Structure formats: structure tokens, C-alpha cells
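**Q** Sequence plus predicted model, see below.
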Amino acid sequence: MTITLSDQDKSTLRIAAYGAVTLMTAAGAAGKPHEIATHGSIALGSATGLIGHVLAEYPKAKDLAGKSVAEIADRVLPALTAAMNLLKQQDPAEAGNFRSAVLIAVETAQMQQGRPSPASAVMVRKITEALDAARVAVADRGAVPEAAAGQDRPELQKAIEEIIDSGFVGMSLRVNDERGEWVGSAGVAELGGTAKPPVNGHARIGSNTKTFTATLVLQLVAEGTIELDTPAADYLPEFGLDRRITVRMLLQHTSGLFNFIGEVYEDGSIVHGIPVPYGITGKEWLDKRFHTYRPEELVRVALSKPARFEPGTGWSYSNTNYVLARLLIEKVTGRSLAKEMQRRILGPLGLSGTVVPDASPEIPEPHAHAYYRYEDAGEQKTIDVTRQNLSWSSTGGDMISTTQDLHTFISALLGGKLLPAPLLAEMCTPHPTGIPNMDYGLGVFVVNTDGGGTVISHNGGTVGYAALMYSTPDGSKTLTGVLNCVDDADLSIATAWQSAQQRLLNEVFGDEQADPAQPAD
């Protein structure tokens with residue numbers, strides 16, 4: 001990434017970012033302005049990419065102390081728009097990173113106020129509007145409409161409010177399309193609270209992790225380090241894998257390998273693997289939710305069970321495939337998955353809100369809370385499981401991200417910024433799954449819309465959290481969302497989850513039509 005910033009440009013970025021935190025402090029300090037400003041500034045200082053280097057240097061030109069809220073707003077809000085403009089003109093992805101960093105800092109400052117004042121809520125809106133008022137000239141397509149123009153979308157707000165009514169605790173949604181960017185939230189961040197979920201808060205994204213992992217594998221294929229149709233056993237001989245299983249089969253879920261979290265067969269029989277939050281092992285999982293599993297352990301559990309089918313003769317979704325993909329990445333690169341992900345994807349795209357946690361139970365602020373309901377001695381109890389060790393899922397679904405980062409990632413991926421065109425085409429080539437209107441590529445679902453169009457997707461769920469990630473095949477129109485809920489061993493939220501996905505798919509992509517140049521099969 002090449003961006004040229006003058007000293008004045010850098011000053012604008014710092015004044016805009018730190019000024020936004022100052023605005024939040026002045027609007028609702030509630031007697032602890034230093035603490036509020038400190039937490040917001042720490043959030044800014046943790047940004048990665050170009051803006052991380054710029055924002056890490058304290059803005060010596062900032063002279064906002066002692067000013068009234070109105071005086072600060074008069075200086076900072078135009079600076080926010082100017083900062084977005086200068087970044088968008090050179091690299092839209094970096095502009096998105098800056099926007100994300102500012103909003104995370106603002107959310108952090110707001111949360112430190114205890115019960116945020118009405119003035120703080122107004123200031124969040126004004127800061128967001130200032131960020132979204134930026135325009136960017138794109139040489140081949142003319143001017144992109146203001147993101148703020150997309151804010152008047154009552155149908156989207158109504159949709160997420162109805163999803164909350166169906167049984168979820170909270171939801172944040174982000175839509176980027178020809179009308180600009182729309183961001184909204186509904187419900188609450190925490191049971192018993194009144195604050196909405198942060199619009200760009202962190203959440204556990206479940207199986208969206210698979211798309212990140214598949215992309216990393218395909219980057220190694222592009223470099224010639226890995227070959228898609230080579231037996232996985234050639235790279236991982238220590239497991240004694242069936243030599244008919246290729247790397248492609250791992251990414252495509254056609255290996256037939258047993259899913260270490262358990263399998264449900266066509267006749268209704270169940271074969272259990274490790275303790276998971278669902279079914280009869282729910283309470284055992286709850287008691288062991290901070291236990292650490294190593295990926296090799298999960299693979300050996302899977303290999304101790306019969307395969308579902310002969311390699312390449314069927315399709316079955318199995319987390320085992322993606323744990324093997326993780327081990328494959330680590331074997332051929334000599335680095336951990338977290339380091340390789342940061343080096344190849346998170347760093348270059350500026351995904352400062354995305355984390356590969358491995359065995360850590362922590363989740364960065366700000367975030368909504370996750371819950372688990374269980375029965376104890378005949379009594380229903382609900383516990384906060386926001387902190388949990390996702391090593392039991394590993395690369396099948398352990399990553400943490402934000403709606404902004406998910407948008408940046410899927411848009412960059414499908415826009416051709418992460419993979420060469422032939423490999424991206426292979427990634428998105430559908431393989432039959434047996435699921436109506438939904439086939440699978442290499443780490444992505446290929447979904448047919450009601451209008452005959454195609455959407456590339458991968459959604460995910462883990463205990464108390466769910467995440468949505470949809471895009472048109474060219475990355476120009478995206479929907480990303482995160483939800484928090486009360487989960488339980490009976491998967492009571494499952495029906496509402498399926499309905500939520502379909503509702504939003506229809507709302508945002510319902511008008512997608514088949515390309516007339518590409519006749520339907």
C-alpha cells in the first residue's frame with residue numbers, strides 16, 4: 001500500500017481522531033474526563049496499518065482543551081470528513097480502517113461514562129455522520145454517493161428490530177451498496193441493560209473463520225508452496241490420512257472426515273466427539289468452557305471415528321477439515337496461524353478489530369455479551385459466557401471480528417485484492433451440498449437469490465454469538481452483521497437464526513438478478 005501524507009495531512013488525521021474522543025469526553029464526562037479520554041486514546045493507539053503509525057504519535061497540534069462542546073465540534077467534525085476524504089482518494093480500504101478505529105474509540109469512551117448521557121448519543125451520531133459525509137472520486141466509475149445518503153433506511157432498522165423480537169438479545173448490521181453505507185443496531189448489549197450493542201463492536205464470528213483460513217491457504221497455493229490437488233498427507237504425514245484426501249477436499253468439505261464436534265446421520269443416530277454446548281454434552285461443555293484443546297488433539301479425535309464417506313464422493317460440513325488446514329499452514333510456513341494471518345491478511349487490510357484468539361478466552365472492548373441457559377437441579381439458570389475458550393472449535397470457528405472488518409475483508413477478497421483471479425474463481429465455483437439454493441466453494445457458500453442471482457457468503461455461530469457475511473460476487477455490495485443471544489443445549493435460537501439470515505438476505509439482495517450474459521444452468 002502506497003499513500004503519501006504530508007505533515008498537514010497527518011495532523012488532520014490526529015486532530016480528527018483524538019478530537020472525536022475529546023468531543024465524547026466533553027459531551028458527557030460525568031466527573032471523570034481523564035479516565036474517559038485515556039480509554040478512548042488507548043483504543044486509537046491500538047489501530048494497525050498506516051493509521052496506527054500516524055495515530056500512535058500524540059497530536060501535538062491539538063489545542064482543544066478548555067473549549068466548549070460547540071467549539072470542539074466546529075473544529076473536529078469537518079476534520080473527520082477531511083480525514084476520510086484524503087484517505088479515500090488514495091486507498092478506500094485505509095479510509096475504512098480509519099473510520100473503524102475512530103468509531104471503536106468513540107464507543108470505548110462512551111462506555112467509560114457509565115450510563116451515557118443523551119448528549120453523548122447525539123455526539124456519536126454527529127461523529128458518524130461526519131465520517132460518512134466524505135466523497136471519493138473513482139476514476140472509472142465517477143463519484144461514489146455519500147455513505148451518509150444510505151442512512152435513511154427504515155426498512156433495515158425495522159428488519160433488525162423484528163429479528164430482536166424473534167428472540168435475540170442484540171444485533172448490529174452494516175450494509176454497503178449503491179446507496180452508500182448504512183449502520184444500525186437494535187436490542188441491548190447486555191441483559192438487564194439499556195445500551196444498544198456497539199455498532200462496530202467485537203463478536204465471535206464462528207465459521208466465518210473458515211473463509212479467512214481458506215483465503216490464506218489459497219495465497220500459499222498462488223505462491224506454489226501448496227498444491228490444491230496434492231494429498232494432504234504429503235504435508236501432514238504424522239496423522240496417517242487417507243491419501244485420497246486432497247487439500248482441495250479439506251477446503252471444500254468433501255474429504256468425508258468425521259467432524260470432531262460430533263455427527264448426526266441420516267437415520268437420526270448421533271455419534272459424539274468432544275463435549276460441545278449442544279445436546280447431552282451441554283453441561284459438560286459449560287463446566288469445561290475454559291479448557292484448552294490443541295488442534296492435533298481434535299484431529300486425532302476425528303480420526304478415531306469412521307469417516308462419513310469415501311473421499312470425494314460426497315459433501316459434509318466438518319470442522320476437522322479446517323483444523324487440518326490450520327496445521328497445514330503452520331507446517332509449510334513455520335509460523336503460527338495467528339502470525340501468518342496477521343502478516344498476510346489482517347495487517348495488509350488494516351483489520352485492527354480482528355483477532356485469532358487461539359486458546360485465549362478474552363474478547364476486546366467494546367462488545368455485546370453472550371449467554372448460555374442450562375438446567376441445574378430442575379432450575380433454569382442463565383450465565384454470561386462472553387469469556388470462553390474457543391479452542392474446542394479452533395479454526396472451525398474461533399475468530400473475533402467486527403462488522404466493519406468483515407465488510408473490508410469480503411469486499412477486498414471478492415474485489416481481487418487477496419487472490420489472483422483464477423484462484424478466486426476456483427474459490428467461488430459451487431460444489432453441490434444437497435442444501436437447497438446453497439452450494440459450497442472453497443471456504444465460501446455460493447447462494448442463489450430468489451431473483452436468480454448469486455451471493456457469496458459464509459455465516460457463523462458459536463455460543464451466544466452469530467455473524468453474517470454476504471457479498472455480491474464482485475464485492476461491491478455487502479451485508480455484515482453480528483448478533484448476541486441466549487444459547488442453550490437445545491439450540492432453541494436455531495429457527496430464529498435461520499429466519500434472520502433469510503430475512504436479511506431477501507431485504508438486501510432480493511433484487512439481485514441472474515447476469516443475462518450468463519444463462520442459468
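**A** Nice, I can see it. Numbering: from 1, shown residues only.
**Q** and the closest residue in space to residue 387 that isn't next to it in sequence, which of the three is it?
**A** Distances taken as CB to CB, 6 or more residues apart in numbering place residue 361 nearest to residue 387, at 4.4 Å, with adjacent residues excluded. (Glycine included, C-beta is placed from N, CA and C.) Under DSSP: H, G, I helix; E, B strand; the rest coil, residue 361 falls in the coil class.
**Q** got a list of what residue 361 touches?
**A** 289, 290, 387, 388, 389 (CB atoms under 8 Å, 6 or more residues apart in numbering).
**Q** which of those has the most neighbours?
**A** The most neighbours of any of the contacts of residue 361, using other CB atoms under 10 Å, belong to residue 388, which has 26 neighbours.
**Q** Secondary structure of that one: a strand, I assume?
**A** No: under the criterion used here (three-state DSSP), residue 388 is coil, not part of a strand.
**Q** okay but it is in contact with residue 289, surely?
**A** Yes: under the criterion of CB atoms under 8 Å, residue 388 makes contact with residue 289 at 4.8 Å.
**Q** Can you check which residues contact both of those two?
**A** With contacts taken as CB under 8 Å, 6+ apart, residue 388 and residue 289 have 361, 463 as neighbours in common.
**Q** From residue 17, how far out is the residue nearest to residue 387?
**A** Using CB to CB, to the nearest Å, one obtains 30 Å as the distance from residue 361 to residue 17.
**Q** how long is stretch 258-268 end to end?
**A** End-to-end span of stretch 258-268 (CA to CA, to the nearest Å): 16 Å.
**Q** who touches it?
**A** 270-274, 276, 279, 281, 298-299, 301-303, 305-308, 316-320, 323, 392-393, 396.
**Q** repeat that for 6 Å
**A** Residues outside stretch 258-268 that contact it (CB atoms under 6 Å, 6 or more residues apart in numbering): 270-274, 276, 298, 301-302, 305, 318-320.
**Q** try stretch 405-425
**A** By CB under 6 Å, 6+ apart, the surrounding residues in contact with stretch 405-425 are 93, 96, 174, 176, 215, 218, 222, 349, 351, 353-354, 469, 471, 475, 478, 480.
**Q** Could I get the full set of helices for the stretch 101-250 of the chain?
**A** Here the stretch 101-250 of the chain has its helices, by DSSP state H, counting those that start in this stretch, at 118-132, 154-165, 208-222, 232-235, 247-252.
**Q** quick one: which of those helices is nearest residue 73?
**A** For residue 73, the closest of the helices of the stretch 101-250 of the chain is helix 118-132, at 6.8 Å, according to CB to CB.
**Q** Pull out the buried residues from the closest one.
**A** 120, 123, 124, 126, 127, 128, 129, 130, 131, 132 (16 or more other CB atoms under 10 Å).
**Q** go on, stretch 17-30?
**A** For stretch 17-30, burial by neighbour count (16+ other CB under 10 Å) applies to 17-29.
**Q** So which of those sit within helices?
**A** Among the buried residues of stretch 17-30, the residues falling in helices (DSSP state H) are 17, 18, 19, 20, 21, 22, 23, 24, 25, 26, 27, 28.
**Q** Put together TSV for those, with distance to residue 188 and pLDDT on each row.
**A** Converted to TSV, these look like this (distance: CB to CB, whole Å; pLDDT from 0 to 100):
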residue	distance to residue 188	pLDDT
17	28	83
18	30	82
19	29	83
20	24	82
21	24	80
22	28	82
23	25	78
24	20	78
25	24	78
26	26	77
27	22	73
28	19	68
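**Q** Just flag the most distant two among those residues.
**A** Maximum pairwise distance in those, criterion CB to CB, is 18.7 Å, between 17 and 28.
**Q** distance between the ends of stretch 451-459?
**A** 21 Å.
**Q** For ChimeraX, write the select line for the buried members of the contacts of stretch 405-425.
**A** Restricted to buried positions by 16+ other CB under 10 Å, the ChimeraX selection for those reads:
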select :93,96,174,176,215,218,349,351,353,354,469,471,475,478,480
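**Q** Dump the helices of the stretch 101-250 of the chain into a markdown table; add mean pLDDT and distance to residue 402 as well.
**A** Converted to a markdown table, those look like this (pLDDT from 0 to 100; distance: least, CB to CB, whole Å):
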| stretch | mean pLDDT | distance to residue 402 |
| --- | --- | --- |
| helix 118-132 | 79 | 15 |
| helix 154-165 | 94 | 16 |
| helix 208-222 | 98 | 12 |
| helix 232-235 | 98 | 32 |
| helix 247-252 | 98 | 25 |
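**Q** element containing residue 500?
**A** Per DSSP states H and E: residue 500 is located in helix 494-509.
**Q** Just the CA coordinates for the one helix or strand residue 323 maps to, please, in CSV.
**A** Using DSSP H and E, residue 323 maps to helix 319-333. What follows is helix 319-333, C-alpha atoms only, in CSV (Å, rounded to 0.1, in the frame of the first residue of the first chain):
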residue,chain,number,x,y,z
ASN,A,319,-14.6,-28.6,11.3
THR,A,320,-11.9,-31.3,11.1
ASN,A,321,-11.1,-30.1,7.6
TYR,A,322,-10.3,-26.6,8.7
VAL,A,323,-8.2,-27.7,11.7
LEU,A,324,-6.1,-29.7,9.3
ALA,A,325,-5.9,-26.6,7.1
ARG,A,326,-4.6,-24.7,10.1
LEU,A,327,-1.9,-27.3,10.7
LEU,A,328,-1.1,-27.4,7.1
ILE,A,329,-0.5,-23.6,7.1
GLU,A,330,1.7,-23.8,10.2
LYS,A,331,3.7,-26.7,8.8
VAL,A,332,4.6,-25.2,5.5
THR,A,333,5.2,-21.6,6.7
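**Q** how far away is the closest residue to residue 94 other than its chain neighbours from residue 193?
**A** In this structure, residue 94 finds its nearest non-sequential neighbour in residue 87, 5.1 Å apart by CB to CB, 6+ apart. Distance, residue 87 to residue 193, by CB to CB: 34 Å.
**Q** Looking at those two, which has the bigger crowd around it?
**A** Using other CB under 10 Å, the more surrounded residue of residue 87 and residue 193 is residue 87, with 26 against 13.
**Q** what helix or strand does the more buried one sit in?
**A** Using DSSP H and E, residue 87 sits within helix 69-90.
**Q** shaky segments in this structure?
**A** Counting by pLDDT under 70, the ranges of the chain that qualify are 1-2, 28-40, 43, 45-50, 58-67, 110-118, 135-151, 512-521.
**Q** got the contact list for the host helix or strand of residue 382?
**A** Using DSSP H and E, residue 382 maps to strand 379-384. With contact meaning CB under 6 Å, 6+ apart, strand 379-384 is reached by 369, 371, 372, 373, 374.
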